[in-house]
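Colleague: need coordinates for the following:
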Amino acid sequence: MRMRSAWTLGTDLPKKGVVIICNLDAQSENVGFVKDLIRRRGHDPILLDISMESAPPFPGDVTCEQVAARGGMPVEKVRGFYRSDRARATENQIAGGVAIVHDLMRQGRVHGIIGIGGATTSLVATSIMKTLPFGLPKLMASPIAADPASIESCVGTRDITLHHTVLDVGKMNPLLKAQITNAVGAICGMVEMTRGAEYVFEKPVVAVSSSGCAGVAVQTALAMLEEEGFTPVACDAQGKGDKAMEEMIRDGAFAGVIDICTGGVIENLFKGNRDPGPGRLMGAVNRGIPAVLAPCGLDTLSYGGRADQLPPNARRAQSHQNALSVQVRVTADELISAAETIAQRLNQAKGPFTFLIPLKGWSSLNREGRPMFDPAADAAFAQRLREKLENAAAIVEVDVNLDTREFARLAVDEFVRLFATATGQRVLSAL
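Modeller: Just a heads-up that it's a prediction; the model follows:
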């Protein structure tokens, strides 16, 4: 097996700044190779050293002393904690790294960021990356990238790319060199192609939660929103996507939301696979943006691959897409709990909202003739929501199935009405 590390320089490429997060005390040879590759590509490598164990053989462009001090401790104290309380040392270097990278961002010097290393470097690097804007290229190359728990902790809801090195990032060898070269090629390609983290929208941006069992309604609603003068953005409600949607609403990315797939509420209550956490619906509630809600997903729980859940629920109606995608029908009592939780959250809403309840089923799985169809349980949800919601007039029952073009039309029309009421903009198609 023969490998070469030669890389042709792109002579007509604009120079971009790439931050390299590393621990030089353990990775100096690898990091030097990374820095050289980025420079040879025509970009400006900025080596940010987070070393915590010992003094590095040479200083970074941002030294570990500077990172430590910016985090609040002298580096000698960080090294002491690294031996006795590694979490405290790590937290200090994360805080210092975040502050310094944001300084570099304000100076216009950062167009991408890469980390290369093992578990500790991955934790520090991705923690810094998570604070950076959506769209800014972020890549972590690590052997822990194949570990599901690490994916959750390193990526979460952020647009961070993980590159699985397979090999331990230690002593350089031809196989490791090939993986590091690929990782550097990826981040350089990203910074050369990216549009950056600044987005300009000429029309109001509307989030739409989506799911495969509401595909007809969602796709139709997206097209209708465009016709009405909005820019729609679909967010997959599989746990991570709807959690990210909540965070983006909180950050002001969206002017409104058509939250068709609110099933994350019940997934959180009963620990389903698609649990987005306890903050579902609260983005729009706290931000005060117009919101149209619907109950797709509230009628099922995702228990695929769960030996702790599937056998006890074997008697319930189920939908099997594959071994890891198994939906279990929710009971009336569980739906009543969900209604109480939703009412408690919506009662805090700072803006206008409408909750549409389809009377002919809540998805392609929940319609007449399908095993998931249970209108009595669905009615129990509607009744308790009406009892607990202070603004009961915001509940509107519609005589259609949710996964239809007719429902999409009703949802979009209602959103346009709420948006006009909230903003005073009546004719959005003219925007």
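Colleague: give the helix, strand or coil label for S209.
Modeller: Following DSSP: H, G, I helix; E, B strand; the rest coil, the label given to S209 is strand.
Colleague: tally of neighbours for it?
Modeller: Using other C-beta atoms under 10 Å, S209 is surrounded by 27 other residues. All C-beta spots, glycine's among them, are computed from the backbone N, C-alpha and C.
Colleague: make sure it is actually in contact with C235.
Modeller: Yes. Under the criterion of C-beta atoms under 8 Å, S209 makes contact with C235 at 5.4 Å.
Colleague: shared neighbours of the two, anything?
Modeller: Here S209 and C235 have G241, D242, M245 as joint contacts, going by C-beta atoms under 8 Å, 6 or more residues apart in numbering.
Colleague: out of those, who's the most crowded?
Modeller: Highest neighbour count within those, by other C-beta under 10 Å: D242, with 33 neighbours.
Colleague: CA atoms of the host helix or strand of it as PDB?
Modeller: Following DSSP states H and E, one finds D242 within helix 240-250. C-alpha atoms of helix 240-250 as PDB (Å, rounded to 0.1, in the frame of the first residue of the first chain):
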ATOM      1  CA  LYS A 240     -32.900  16.400  17.300                       C
ATOM      2  CA  GLY A 241     -34.600  18.400  14.500                       C
ATOM      3  CA  ASP A 242     -37.400  19.700  16.600                       C
ATOM      4  CA  LYS A 243     -35.100  20.500  19.400                       C
ATOM      5  CA  ALA A 244     -32.900  22.500  17.000                       C
ATOM      6  CA  MET A 245     -36.000  24.200  15.700                       C
ATOM      7  CA  GLU A 246     -36.800  25.300  19.300                       C
ATOM      8  CA  GLU A 247     -33.300  26.700  19.700                       C
ATOM      9  CA  MET A 248     -33.500  28.500  16.400                       C
ATOM     10  CA  ILE A 249     -36.800  30.000  17.300                       C
ATOM     11  CA  ARG A 250     -35.400  31.100  20.600                       C
END
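Colleague: quick one: buried residues of that helix?
Modeller: Buried residues in helix 240-250, counting neighbours by 16 or more other C-beta atoms under 10 Å, are found at K240, G241, D242, K243, A244, M245, E246, E247, M248, I249.
Colleague: ok, the helix or strand just after it: who's next to it in the sheet?
Modeller: Downstream of helix 240-250, the first helix or strand assigned by DSSP H and E is strand 256-259. Under the criterion DSSP bridges, strand 256-259 sits next to strand 205-210 (parallel), strand 291-293 (parallel) in its sheet.
Colleague: I'd like the next helix or strand past the last one.
Modeller: Moving toward the C-terminus from strand 291-293, the next helix or strand (DSSP H and E) is strand 300-302.
Colleague: which residues touch that following strand?
Modeller: With C-beta under 8 Å, 6+ apart as the criterion, strand 300-302 contacts 263, 266-267, 270, 272-274, 309, 313, 319, 325-330, 334, 363, 365-366, 372.
Colleague: can you tell me which of the residues you listed are in strands?
Modeller: S319, S325, V326, Q327, V328, R329 (DSSP state E).
Colleague: tell me the most packed of those, by neighbour count.
Modeller: Greatest neighbour count in the ones in strands among the contacts of strand 300-302, by other C-beta under 10 Å, goes to Q327: 27 neighbours.
Colleague: now this protein, which segments are flagged as low pLDDT?
Modeller: For the chain, applying pLDDT under 70 flags the ranges 1-13, 425-431.
Colleague: can you give me the strands for it?
Modeller: For the chain, strands defined by DSSP E occupy the ranges 17-22, 44-49, 112-116, 138-142, 161-164, 205-210, 231-236, 256-259, 291-293, 300-302, 318-322, 325-329, 353-358, 395-398.
Colleague: tell me which strands and helices the fifth one is in contact with?
Modeller: Using 3 or more C-beta pairs under 8 Å, 6 or more residues apart in numbering; DSSP states H and E as the contact criterion, the neighbours of strand 161-164 among helices and strands are strand 138-142, helix 174-193.
Colleague: single out the most deeply packed of those.
Modeller: For these, average neighbour numbers computed from mean count of other C-beta atoms under 10 Å are highest in strand 138-142, which has a mean of 26.
Colleague: identify the residue spatially nearest to Q27, adjacent ones excluded.
Modeller: Excluding the flanking residues, the one nearest Q27 by C-beta to C-beta, 6 or more residues apart in numbering is G117, at 5.9 Å.
Colleague: how about the helices of this structure, start to end?
Modeller: Ranges of helices in the chain, per DSSP state H, are 24-40, 64-71, 75-84, 86-106, 119-129, 148-154, 174-193, 215-227, 240-250, 264-269, 282-287, 332-346, 375-388, 405-423.
Colleague: can you lay out those as TSV showing distance to G297?
Modeller: Listed next are the helices of the chain as TSV, based on distance: least, C-beta to C-beta, whole Å:
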stretch	distance to G297
helix 24-40	43
helix 64-71	42
helix 75-84	45
helix 86-106	35
helix 119-129	29
helix 148-154	21
helix 174-193	33
helix 215-227	12
helix 240-250	9
helix 264-269	7
helix 282-287	17
helix 332-346	10
helix 375-388	12
helix 405-423	14
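Colleague: between the ones you listed, which one is closest to F58.
Modeller: Checking the helices of the chain against F58 by C-beta to C-beta gives helix 24-40 as the closest, at 6.7 Å.
Colleague: between helix 64-71 and the closest one, find me the angle.
Modeller: Per axes from the mean of the first three to the mean of the last three C-alpha atoms, to 10 degrees, the angle that helix 24-40 makes with helix 64-71 is 100 degrees.
Colleague: identify whichever of the helices of the chain lies nearest to T354.
Modeller: Taking C-beta to C-beta, helix 405-423 is the member of the helices of the chain nearest to T354, at 5.1 Å.
Colleague: ok, back up a step: mean neighbour count, the strands paired with strand 256-259: which tops it?
Modeller: Among the strands paired with strand 256-259, the stretch with the highest mean neighbour count (mean count of other C-beta under 10 Å) is strand 291-293, at a mean of 27.
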